[in-house]
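S.K.: dropping a prediction and its sequence here:
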Amino acid sequence: MIKRLILTLLALALVGAGVFWLVTAPQTLSETDLPDHAPDLANGEYMFYAGGCASCHATPGSDDKLALGGGLKLGSPFGDFFVPNISPDAEDGIGGWSTLDLVNAMVKGVSPNGSHYYPAFPYTSYQRMKLEDIIDLKAFLDTLEPVKSDVPPHDLPFPFNIRRTLGGWKFLYLDGKPFEPDPDASDQINRGAYLVTGPGHCGECHTPRDALGGLERDKWLTGAPSTEGEGTVPGITADTLEGWTAADIAYALESGFTPDFDSLGSSMAAVVRNTAHLTPEDRDAIAAYLESVHGQ
């Protein structure tokens with residue numbers, strides 16, 4: 001009887017391990033999934049600023065925001081993450097990556113060697129991007145100067161240092177859906193929604209997270225505790241920005257000044273350095289979208 005029980009438990013454990021292995025396996029796109037698209041360098045540069053890539057990936061302390069040596073430390077409740085080098089350096093950066101490698105990193109959260117990326121890299125937002133925009137971004141990144149750097153490994157306690165478990169996290173929070181325009185919204189609002197939810201990844205900071213670190217999408221853009229553990233990130237919905245007009249929002253994204261002539265500080269100062277590169281039409285589109293989002 002005891003022997004049969006032990007064998008049954010072993011069989012269940014093996015089945016469970018097999019299910020875990022299948023569920024947590026990295027999922028990737030193939031070359032046939034990529035559109036037939038000639039890279040547009042100008043749009044790639046535009047996506048670079050729309051995504052605020054330099055804010056995290058620029059070498060800390062460097063005045064050159066196109067020197068993408070990485071190394072910035074991002075604190076979190078799960079441990080410390082160190083932002084990687086995304087310059088075209090073949091050894092320390094992504095110079096040896098194919099376009100497909102970058103696409104899989106940004107929409108699937110999978111590295112070229114087939115391991116999961118931690119969601120400190122906001123692929124839950126980048127999955128909304130058009131693949132053409134990512135193809136263009138890769139082409140632009142390849143034009144930049146290679147940077148040598150020695151980025152420390154992430155400093156994470158057990159069990160968060162086991163990357164395979166991220167497959168289960170992705171099962172819960174990575175739906176694989178590209179951006180879908182709202183048929184009831186204007187073209188302007190849909191453009192703003194794309195920029196905010198996709199390349200801009202605004203929800204990653206401005207939306208609260210649950211105990212597992214997933215975004216609480218029913219509280220979209222309503223504000224959240226800082227992932228660094230100090231202070232809060234304000235909401236940017238129509239309700240939390242009460243008193244702001246769409247013109248106020250667009251101007252803040254260009255100048256860094258609020259309607260009462262205060263300045264946006266902390267990480268938003270870096271955001272504005274990027275949104276200032278967007279066209280006035282796109283800043284207006286972002287403002288129109290945020291004015292259409294309600295909740296607090």
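M.R.: Ah, there it is.
S.K.: how about the strands in the stretch 51-200 of the chain?
M.R.: Here the stretch 51-200 of the chain has its strands, by DSSP state E, counting those that start in this stretch, at 73-76, 79-82.
S.K.: quick one, domains of the protein?
M.R.: Domain assignment for the chain, taken from automatic domain parsing, gives 28-173, 187-292.
S.K.: relative to Phe179, which of those is closest?
M.R.: Nearest to Phe179 among the domains of the chain is domain 28-173 (4.1 Å), distances taken as C-beta to C-beta. Just so you know, the C-beta spots here come from the backbone N, C-alpha and C atoms, and that holds for glycine as well.
S.K.: how far does the closest one sit from the chain's center?
M.R.: Here the centre of domain 28-173 is set off from its chain's centre by 9 Å, with C-alpha atoms, centre = their mean, to the nearest Å.
S.K.: just the helices in the stretch 101-250 of the chain please.
M.R.: In the stretch 101-250 of the chain, the helices defined using DSSP state H, counting those that start in this stretch lie at 123-126, 131-141, 166-173, 187-197, 203-206, 246-255.
S.K.: grab the nearest non-local neighbour of Leu174.
M.R.: Thr124 (5.7 Å; C-beta to C-beta, 6 or more residues apart in numbering).
S.K.: these two touch, right, the one you found and Tyr173?
M.R.: Yes. Using C-beta atoms under 8 Å, Thr124 is in contact with Tyr173, at 5.8 Å.
S.K.: picking up where we left off before, switch the strands of the stretch 51-200 of the chain over to TSV; also include distance to Ile94.
M.R.: Putting the strands of the stretch 51-200 of the chain into TSV (distance: least, C-beta to C-beta, whole Å) gives the following:
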stretch	distance to Ile94
strand 73-76	19
strand 79-82	16
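S.K.: right, and these - which one's nearest Ile249?
M.R.: Using C-beta to C-beta, these put strand 73-76 closest to Ile249, at 26.2 Å.
S.K.: state the distance from Thr197 to Leu72.
M.R.: 23 Å (C-beta to C-beta, to the nearest Å).
S.K.: those two: who's more crowded?
M.R.: For Thr197 versus Leu72, neighbours defined as other C-beta atoms under 10 Å are more numerous around Thr197 (20 against 17).
S.K.: okay, buried residues for stretch 100-116 please.
M.R.: Within stretch 100-116, the residues that qualify as buried are 100-111, 116, counting by 16 or more other C-beta atoms under 10 Å.
S.K.: per-residue pLDDT of the residue most central in space within the chain, please?
M.R.: Centroid-nearest residue in the chain: Pro122, 2.2 Å away (criterion: C-alpha atoms, centre = their mean). What the model reports as pLDDT for Pro122 is 95.
S.K.: quick one, what contacts it?
M.R.: Contacts here follow C-beta atoms under 8 Å, 6 or more residues apart in numbering; on that basis Pro122 touches 201, 204.
S.K.: OK, contacts around Asp89?
M.R.: Here Asp89 is in contact with 95, 146-149 (C-beta under 8 Å, 6+ apart).
S.K.: how close does it sit to Gly214?
M.R.: 33 Å.
S.K.: what do you get for Ser62?
M.R.: Taken as C-beta to C-beta, the span from Ser62 to Gly214 is 33 Å.
S.K.: pull the number of nearby residues for Ala211.
M.R.: 6.
S.K.: got phi/psi on it?
M.R.: phi -60, psi -20 (degrees, to the nearest 10).
S.K.: now do the one 3 residues further on
M.R.: Dihedral angles of Gly214 (phi, psi; degrees, to the nearest 10) stand at phi -90, psi 150.
S.K.: quick check: it touching Leu172?
M.R.: Yes. Gly214 lies in contact with Leu172 (C-beta under 8 Å); the separation is 6.1 Å.
S.K.: so between these two, which is more surrounded?
M.R.: Gly214 (15 against 10).
S.K.: spit out the contact partners of the nearest residue to the more buried one once chain neighbours are set aside.
M.R.: Nearest non-adjacent residue to Gly214, counting by C-beta to C-beta, 6+ apart: Tyr173, 4.2 Å away. Counting by C-beta under 8 Å, 6+ apart, Tyr173 makes contact with 119, 124, 212, 214-215.
S.K.: re the thing from before, most neighbours among the contacts of Asp89, which one?
M.R.: Of all the contacts of Asp89, the highest neighbour tally under other C-beta under 10 Å goes to Val147, namely 24 neighbours.
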